[in-house]
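Colleague: okay, sequence plus prediction incoming.
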Amino acid sequence: MLLFIDPLYILLGVIGYVLMFFIASFIAPKVASKFAGKFSLFASMIILSSSILIISGTIIYLVLAYAEVYIDFILLVVFVFISNFLIYLISPFMINLSYGAKQDNKLQEIVDEVAKKLKVKKKFKAMQVEMPPNAFAYGNFLTGRFVAVSTSLANMVDKEELEAIIGHEIGHHKHRDVAIMLIFGILPSIIYYLGYSMIRSSFWRRSDEERRGSSLFLIGFLLVLASFFIQILVLAFSRLREYYADYEGAKATSKRAMQSALVRIYNFYYESPRALNRIRSEKFRTLFTYSLVEAVASPYVSLDEIERIKKKNVSPIQEFMSTHPPIPKRLMSLESFSL
């Protein structure tokens, strides 16, 4: 039976997502408030990445030690890796096709200029895409590295703000975020399928192995829950990488230019519900700089406007279920960077 029509697979997914919403609503905000400001960005990334690797590695080791012959771990890893790797390979083609990406000579000049400022020697292909205001980095060793900017965003910002946005996207390439997030994204998938396989195996135990089957079911169920918990940690790590990329955008221009660009994007989505509805229906909505706000860009961004948005309240659920941090928090984070 195919996984996506397997009732057990669907049920476990629903339970996992309920867990994620519970953590995002009640636990995560309290934990975040206790640790806020206690670690630098770089220390936070090291701590969080180490936690993901240690927790995932320990779980996988203990499960293999217990499961013995019931789960073909090598086959499982190969399946998860190949499926993720295929997505990694074909996603640039899908993005180019979906958004009508075209190389733009004028944009290429700006991308080259920003790469030079950031002392990045690699060549990036500047792509113009047709979509709501947004910019993103993508690509692989087959297609090359792309920096995409939507026409609507390029028309909405001034040159320095555009350079800051491009610096942010080049920062993702510089930090190898596409590959890093691919690797970290595989870990919760492996643990989820381990749990799913153990639950499936528990249904086929003989009567003299009923106790063993019950144990497999319980451990498998706990693994499914653990995989969603690790997924939350991966999402948190992804948000830290966004702060890290903001640093590159500010370094290429200035803190004020990076903040101003973010404010324009925030204001656009804050005032335009139709733009928000369109983004929610997009196939690649995780690429969006900030997909959970609404709006309309103002022609000028003042310091007062930046300060006002920095004080905006942020929904914990929206934050912890997103790959990107809320813009108010990104504005505050930029203040702490020493360039």
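Modeller: In hand now; what should we look at? Numbering: from 1, shown residues only.

Colleague: list the contacts of stretch 241-251.
Modeller: 41, 45, 117-118, 164-172, 174-175, 177, 180-181, 257-258, 261-262, 323-325, 330, 333-334, 337, 339 (CB atoms under 8 Å, 6 or more residues apart in numbering). (C-beta placed from N, C-alpha, C; glycine too.)

Colleague: next SSE after the lowest-mean-pLDDT helix or strand in the chain?
Modeller: Lowest by mean pLDDT, DSSP states H and E among the helices and strands of the chain is helix 273-280, with a mean of 54. Next helix or strand after helix 273-280 toward the C-terminus (DSSP states H and E): helix 303-310.

Colleague: neighbours of I186, just the number please.
Modeller: If you count neighbours by other CB atoms under 10 Å, I186 ends up with 18.

Colleague: that one: what's it in contact with?
Modeller: Shown in contact with I186 (CB under 8 Å, 6+ apart): 80-81, 84.

Colleague: ok, and the most crowded of the residues you listed?
Modeller: When neighbours are counted by other CB under 10 Å, V80 leads the contacts of I186 with 20 neighbours.

Colleague: which non-adjacent residue is nearest that one?
Modeller: S189 (4.9 Å; CB to CB, 6 or more residues apart in numbering).

Colleague: which positions within the one helix or strand the one you found maps to qualify as buried?
Modeller: If you go by DSSP H and E, S189 is part of helix 177-202. Buried positions in helix 177-202, judged by neighbour count with 16 or more other CB atoms under 10 Å: 177-178, 181-182, 184-202.

Colleague: and the next helix or strand past it?
Modeller: Counting by DSSP H and E, the next helix or strand C-terminal to helix 177-202 is helix 210-252.

Colleague: could you give me the average pLDDT of that following helix?
Modeller: Helix 210-252 shows a mean pLDDT of 87.

Colleague: continuing past that helix, what's the next helix or strand?
Modeller: Immediately after helix 210-252, counting by DSSP H and E, sits helix 255-271.

Colleague: buried residues in that following helix?
Modeller: Within helix 255-271, the residues scored as buried using 16+ other CB under 10 Å are 255-270.

Colleague: what's the answer for stretch 153-164, then?
Modeller: Quick answer for stretch 153-164 (16+ other CB under 10 Å): 153-154, 156-157, 160-164.

Colleague: state the mean pLDDT of stretch 84-104.
Modeller: For stretch 84-104, the mean per-residue pLDDT is 92.

Colleague: got the contact list for it?
Modeller: If you take CB under 8 Å, 6+ apart as the criterion, stretch 84-104 is touched by 125-131, 138-140, 142-143, 146, 148, 150, 178, 182, 185-186, 189, 283-284, 287.

Colleague: rewinding a little: quick one: which of the contacts of I186 sit in helices?
Modeller: Among those, the ones falling in helices (DSSP state H) are 80-81, 84.

Colleague: can I get the residues you listed in TSV with distance to D246?
Modeller: Formatted as TSV, those follow (distance: CB to CB, whole Å):
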residue	distance to D246
V80	31
F81	31
N84	26
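
Colleague: out of the residues you listed, the closest to I230 would be?
Modeller: V80 (13.5 Å; CB to CB).

Colleague: hang on, the earlier thing: confidence-wise, which of the buried residues of stretch 153-164 comes last?
Modeller: Ranked by pLDDT, the buried residues of stretch 153-164 bottom out at M156, which scores 89.

Colleague: pretty sure it contacts F268?
Modeller: Yes. Taking contacts as CB atoms under 8 Å, M156 lies within contact range of F268: 6.8 Å.
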